[in-house]
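1. Output the structure for:
(2 chains)
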Amino acid sequence: MILSIAFRNIFRQKRRSIITVLILVSGYLVMCWAMSMAEGSYNHIIDKFTQNFTGHIQIHKDGYLDSPSLYKSFDKKKFTKNWFDKKRAVKSYSFRLISSALLYHQERSVPAKVVGVEVEGEIKTTSLDKRVKRGKYWLPEHSSMKQILIGDGVAKSLKADLGDKVVLISGAYDGSIANDIFTVRGILPSDDETSRFVIYMPLPVAQNFYYMEDQVHQVSVHLSSFHQSEKVKRDMLENFSDKTFSFSTWKEVKKEFYMAMEADKKGNQVTFFIISFLVMFSVLNSLFMSVMERTREYGLMRALGASGSNIVFLIIWENLILYLVALFFSLLLGTLSNLWLVYYGISLSVPIDVAGMNFQSLFGEISFFTMGVPAILILVSVSLALVFPILKALSVEPQEAMRSY
Amino acid sequence: MSIIYKIFLSVLSFHSFLIDAQPAEKTIAILNEIDQLYRSNSSHAKITMKIENPNWQRQLSLKIWTKGKDRTLAKILSPKKDKGIASLRIKKEMWNYFPKIKKQIKIPPSMMMGAWMGSDFSNDDLVKQTYLTDSYDVSLNQSKTEYFFTLTPKKTAVSVWTKILIKVRIKDKIPSMYEYFNEKNEVARRLTFSQIKNYSGRNIPSLLVMRPLDKKGHKTTIQYDHVDFDIKLADDFFSFRQLKKSP
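-> Residues are numbered from 1 along each chain as shown, chains lettered A, B, ... in the order given. Prediction:
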């Protein structure tokens, strides 16, 4: 009976019901978009960062990360395909040799980081091929060609262009002087600070240049999602008997980046709190007013014999129904708009710089945090909005209530 | 005057004899003489350089020609992998030649402090050692048997060392030790001289050991196998053509 009265009340005052639902839906969407864009953009930044170079987990000889050295290397046969295949979260992995060299072109010279990469493995792990701005990434059959990809900073310092010959000089693994001539095959963009003074060459070519045979310095592992990093790292630690190796997640590899992101997230939490507070307050205020303006109606119902609890349940049912209707539209609109944000994002007129990388768009995310938390907060607002009217309804005097407007 | 005071004065006067600074001209003359020890007017030396560090050891055999203070040519004879790699210095400029790629490369100023051929000697050592008095202010103290040169960089000079201390035997003006101090006033590396031998009528220490004290287990030893002094060398011997010529 109370439920049917509640429905009747909702349809009796269509305009009021629609406005209430609109307030709830718009409140939900504001919170949902704010959370979605913040979380989505963070995840996009982390994804791009890990995809550009670090990967999600890196494996080194112990102490390499604190103090990198040409001699902290290991035989790549230590890690077999079979060992990685057993870990379901591992999407791909790539071995790397990392060192430095002096590059010469005509009368110019510049020091640069040298990274030897597996031509096919690196594509799957960090999409290096997609970052080549000019020129081309190697084909699988180019693994033994002395062709290099150079960062834009190196290209500018040396005034070197595609097809130019560049001399590399460095200390080799056996103490001799490594020296050779390489052809510039591709140039990497300057919007990525980590790539400006880096050159890439195929792993066998780098091993030959540094006289390192099968030695490498790093395995970069790409997972299905960066959220799995910690779990997979623990699993790898447990399943690898040689304790002279260290397994590090992207958070440990790029501590400064991770800490900057965390600090930024903390700042965002304050913004979320303010947005949520404003939204909740506006929902609470609107609902409170819509319930309180019906004090006369509640007084009349009490005069006609309705009990306090009947009125309380009536208020709860009415608002619960409105909330559920609003939730339906909120989830529908929230999902559709978030899908658009996830796939297309919002283009920025001025790109933002995070950890040396430029981001042109803000992206959204669909998760419990971005879709579920706003729904809970709106429900909390609705519940809070009803507390005072319920107390009022319980104590209302019909005579007094009927006098009010 | 008490006896204690007299003793104090006599000790003080003896000490002041020890640390009495020498006139500038004499100081510079002695130091230039030491600078010329391994070079004379011209020289041709065959040396063995042994480089040791925790990761590898290698032994290089080299030929070095010098003329005056401005010209040096060094060529690696062995091991086979490095044979023909050569360095040419003319005044303050320096080039390396790599026969494998048939390229001569000028060493940029930013790399002058870089290791020479993987040793504990820097490119800068090869260039600037002969210009110590140009780049450093020198003060000289002496004991009965040794001179103690203290070199501090001139205000106009660029140097990574805040001080260089040189110990030299008075009797034959042969150096026994160079100590290079960093900005913390700690000895960063030490070069010692020993095994004095006579080559072409000149006594020179035939064994030089360079130890970077901040790198554990690192050491570079230079053994002079043979030296000819004051040989005939034309200026154009120190040319790119000679740099590229196989040893």
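
2. Can you classify residue A:113 by secondary structure?
-> When classified by DSSP: H, G, I helix; E, B strand; the rest coil, residue A:113 comes out as strand.

3. So for the closest residue to it other than its chain neighbours, what's the pLDDT?
-> Nearest residue to residue A:113 in three dimensions, chain neighbours excluded: residue A:198, at 4.7 Å (Cβ to Cβ, 6 or more residues apart in numbering or on different chains). (C-beta placed from N, C-alpha, C; glycine too.) Per-residue confidence (pLDDT) for residue A:198: 91.

4. Which helix or strand in chain B has the lowest average pLDDT?
-> The weakest-scoring helix or strand in chain B, judged by mean pLDDT, DSSP states H and E, is helix B:3-18 (a mean of 39).

5. Ok, chain A next?
-> Ranked by mean pLDDT, DSSP H and E, the helix or strand of chain A with the weakest confidence is helix A:193-196, at a mean of 67.

6. Check which element follows that one along the chain.
-> The first helix or strand that comes after helix A:193-196 along the chain, using DSSP states H and E, is strand A:198-202.

7. Kindly format the C-alpha coordinates of that following strand as CSV.
-> Presented in CSV, the C-alpha positions along strand A:198-202 are these (Å, rounded to 0.1, in the frame of the first residue of the first chain):
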residue,chain,number,x,y,z
VAL,A,198,69.6,7.5,-26.4
ILE,A,199,70.5,5.4,-29.4
TYR,A,200,69.1,2.0,-30.1
MET,A,201,70.8,-0.8,-32.0
PRO,A,202,69.9,-4.5,-32.5
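
8. Residues contacting the next helix-or-strand element following that strand, please?
-> Sequence-wise, the next helix or strand downstream of strand A:198-202 (DSSP H and E) is helix A:203-209. Residues from elsewhere that reach helix A:203-209, judged by Cβ atoms under 8 Å, 6 or more residues apart in numbering or on different chains: A:95-97, A:99, A:114-119, A:143-146, A:168, A:170, A:172, A:178, A:180, A:201, A:212-216.

9. on that earlier part again, from what I see, the residue nearest to residue A:113 and residue A:188 are in contact.
-> Yes: using Cβ atoms under 8 Å, residue A:198 is in contact with residue A:188, at 7.4 Å.

10. Which per-residue confidence value corresponds to residue 233?
-> All of this refers to chain A. Looking at residue A:233, its pLDDT is 92.

11. Chain B is the one I meant
-> 90.

12. SS state for it?
-> coil.

13. now the helices for chain B?
-> For chain B, the helices defined by DSSP state H cover B:3-18, B:24-35, B:123-128, B:132-135, B:240-244.

14. Mind listing the strands the strand ranked longest in chain B pairs with, and their directions?
-> Longest strand in chain B by number of residues (criterion: DSSP state E): strand B:187-199. Strand pairing for strand B:187-199, determined by DSSP bridges: strand B:175-181 (antiparallel), strand B:202-212 (antiparallel).

15. Chain B next: which of the contacts of helix A:203-209 are close?
-> Among these, proximity to chain B is found for residue A:180 (Cβ under 8 Å from any Cβ of the partner chain).

16. The contacts of helix A:203-209, buried ones only, as a ChimeraX selection?
-> The buried residues among the contacts of helix A:203-209 can be selected in ChimeraX (16 or more other Cβ atoms under 10 Å in any protein chain shown) with this line:
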select /A:95,96,97,99,114,115,116,117,118,119,145,146,168,170,172,178,180,201,212,215,216
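
17. And the strands in chain A?
-> Here chain A has its strands, by DSSP E, at A:57-61, A:74-75, A:90-105, A:108-117, A:134-135, A:147-151, A:165-171, A:177-188, A:198-202, A:215-216, A:218-223, A:245-249, A:346-354, A:357-362.

18. Measure how the longest one sits relative to strand A:108-117, angle-wise.
-> In other words, strand A:90-105. 160 degrees (axes from the mean of the first three to the mean of the last three Cα atoms, to 10 degrees).

19. Pairing partners for strand A:90-105, with directions?
-> Counting by DSSP bridges, strand A:90-105 is paired with strand A:108-117 (antiparallel), strand A:165-171 (antiparallel), strand A:218-223 (antiparallel).

20. Low-confidence ranges, the stretch 151-300 of chain A, go.
-> A:190-195 (pLDDT under 70).

21. Tell me, domain by domain, which residues of chain A belong where.
-> The domain map for chain A lists A:2-50+A:258-403, A:69-216, with the assignment taken from automatic domain parsing.

22. of these, which approaches residue B:172 most closely?
-> Nearest of those to residue B:172, taken as Cβ to Cβ: domain A:69-216 at 35.4 Å.

23. First-to-last residue distance for that closest one?
-> 11 Å (Cα to Cα, to the nearest Å).

24. check contacts around residue B:157.
-> Per Cβ under 8 Å, 6+ apart, neighbours of residue B:157: B:134-136.

25. Give the ChimeraX command for selecting the buried subset of the residues you listed.
-> Listed next is the ChimeraX selection for buried residues among those, using 16+ other Cβ under 10 Å:
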select /B:135,136
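
26. Now tabulate the contacts of residue B:157 in CSV and tack on distance to residue A:36 and pLDDT.
-> Output for the contacts of residue B:157, formatted as CSV (distance: Cβ to Cβ, whole Å; pLDDT from 0 to 100):
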residue, distance to residue A:36, pLDDT
B:134, 68, 78
B:135, 64, 81
B:136, 66, 86
